[in-house]
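K.L.:
What follows is a predicted structure for the sequence shown.
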Amino acid sequence: SQTIHQWPATLVQPVGSPLSLECTVEGTSNPNLYWYRQAAGRGLQLLFYSVGIGQISSEVPQNLSASRPQDRQFILSSKKLLLSDSGFYLCAWSETAVRGYTFGSGTRLTVV
Amino acid sequence: GQQLNQSPQSMFIQEGEDVSMNCTSSSIFNTWLWYKQDPGEGPVLLIALYKAGELTSNGRLTAQFGITRKDSFLNISASIPSDVGIYFCAGLRNTGGFKTIFGAGTRLFVKA
């Protein structure tokens, strides 16, 4: 069966520090991968999605970037965090969008 | 751009009550999905709807794909405390590739 792993679960980082969040999927090949952000009490904002290795589409301009160095690995990065980057970051995968997403357990990022 | 209006924003109900929530849009969608997010976790897919007028159940949950294809409804019967969480609708439309649009969520509180 397919599983998705996301880490770390919680992160507190100072303003201006770098960020790296990692997400891996097991049990499937060539998944569609997604990074979402959820601000406190708010909905889901799509940040990036990828349909294959090295293929990244950005939905919202910001100081975050994403990379897909391997088929089942998706990384969210920042060179310098802002206070406004705080939130709950969710990785998700899908075989095909109409069948819905499987989300990871999320990373709660607090920028101080 | 495409938007989904999900209502109500939040609900406070007594255990045992039935719950209704909906999503509406000015755009037509090909697929409707309903997710539930437990506190501190990623959303989990509850029900997928693929045909106008379709009515699908998952235990105490029932969802319907509106006949106009511009709305969807989720009902929860005989609510229990573990129904607490945020319920998201998501609409998909084929525009040369399926794009998922999420509603802002309905936050459900159940009092025992």
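P.N.:
Happy to help now that I have it.
K.L.:
which parts of stretch B:31-40 are buried?
P.N.:
Buried positions in stretch B:31-40, judged by neighbour count with 16 or more other CB atoms under 10 Å in any protein chain shown: B:Thr31, B:Trp32, B:Leu33, B:Trp34, B:Tyr35, B:Lys36, B:Gln37. No exception for glycine: its C-beta is placed from N, CA and C like everyone else's.
K.L.:
Quick check: buried residues in stretch B:81-93?
P.N.:
Using 16+ other CB under 10 Å as the burial criterion, the residues of stretch B:81-93 that qualify are B:Asp83, B:Val84, B:Gly85, B:Ile86, B:Tyr87, B:Phe88, B:Cys89, B:Ala90, B:Gly91, B:Leu92, B:Arg93.
K.L.:
mind listing what the nearest residue to B:Val19 once chain neighbours are set aside touches?
P.N.:
Taking CB to CB, 6 or more residues apart in numbering or on different chains, and ignoring the residues beside it in sequence, B:Val19 has B:Ile76 as its nearest neighbour in space, at 4.1 Å. The contact partners of B:Ile76, taken as CB atoms under 8 Å, 6 or more residues apart in numbering or on different chains, are B:Asp18, B:Val19, B:Ser20, B:Arg60, B:Leu61, B:Asp83, B:Leu108.
K.L.:
tell me which parts of chain B are close to chain A?
P.N.:
Taking CB under 8 Å from any CB of the partner chain as the criterion, the neighbours of chain A within chain B are B:30-31, B:33, B:35, B:40-45, B:48, B:50, B:88, B:90, B:92, B:98-100, B:102-105, B:107.
K.L.:
thinking again about what came up before, any chance of JSON lines for the contacts of B:Ile76, columns pLDDT?
P.N.:
What follows is these, written out as JSON lines (pLDDT from 0 to 100):
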{"residue": "B:Asp18", "pLDDT": "97"}
{"residue": "B:Val19", "pLDDT": "97"}
{"residue": "B:Ser20", "pLDDT": "98"}
{"residue": "B:Arg60", "pLDDT": "98"}
{"residue": "B:Leu61", "pLDDT": "98"}
{"residue": "B:Asp83", "pLDDT": "97"}
{"residue": "B:Leu108", "pLDDT": "97"}
